[in-house]
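Participant: pasting the sequence and the predicted model now:
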Amino acid sequence: TAHRGDNPAAVAETMRELLEICDVLLTTGGVSVGDKDIFHQALPLLGAERIFWRVNLKPGTPAMYSLYKGKPILSLSGNPFAAFTTFELLARPLLAALSGEEGPRWGEGVLDTPFPKASPRRRFIRGRYEHGHITLPEG
C-alpha cells in the first residue's frame, strides 16, 4: 500500500480532520511541480479554494494559499530555507493578524558584504544585522 503522504485522497482526508480542530493549517512540501507535489490534487479533493500559488521571491516561489470553509491553509516549500523564508514573510504576519497581535517589524540596513548574484525575482538571503549594517556569511 502507498504511504498516506503519497495518496492525495488520504492527504485531503487528513487535512479535513485537522481543520475540524484547528483554525489554520500550515504545511511544508508538496506544492511545487514534481511527482510528489500532491497538494495540487489534494486541495480540490478537500474542496478547498486555491487563492494563490507561487510568489515572486527566491527562495520560496512555490508557496500556496488556500481556504477551506473560511480557514486558511498555507502550504510552504519543502526546502528548509525556503520554508523558513516564506514562514517569516507569509505565515508569521498571517498568524499575527488572526490572533490580533502585532506583526513582524521590518527595518533597513546597509549591506556591507558584496552579493554578486543577479536574480529576476525578489531574493532573500541569510545575513546578520547589527547596528544598521548587514553582513553575509562567508561561503
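Facilitator: In hand now; what should we look at? Numbers count the residues shown, from 1 in each chain.

Participant: going forward, measure contacts between C-alpha atoms and count neighbours the same way
Facilitator: Will do.

Participant: what's near enough to touch the spatially most central residue of the chain?
Facilitator: Compute the mean C-alpha point of the chain, and by CA atoms, centre = their mean the closest residue is L76, 2.9 Å away. L76 makes contacts with 26-29, 31, 60, 62-64, 82-83, 86-87, as judged by CA atoms under 8 Å, 6 or more residues apart in numbering.

Participant: return the subset of the residues you listed lying in helices.
Facilitator: If you go by DSSP state H, the contacts of L76 have A82, A83, T86 in helices.

Participant: now for the last one, how many residues are close by?
Facilitator: A count of neighbours around T86, defined by other CA atoms under 10 Å, yields 24.

Participant: please, where are all the helices along the protein?
Facilitator: Using DSSP H, the helices of the chain run over 8-21, 39-46, 80-86, 92-99.

Participant: between those helices, which gets the lowest average pLDDT?
Facilitator: The weakest mean pLDDT among the helices of the chain belongs to helix 80-86, with a mean of 88.

Participant: what sits up against that one?
Facilitator: Helix 80-86 is contacted by residues T28, K58, P59, G60, A63, L76, S77, F124 when judged by CA under 8 Å, 6+ apart.

Participant: show the buried residues in those.
Facilitator: T28, K58, P59, G60, A63, L76, S77 (16 or more other CA atoms under 10 Å).

Participant: pLDDT-wise, what's the bottom of those?
Facilitator: The lowest pLDDT within these belongs to G60, with 76.
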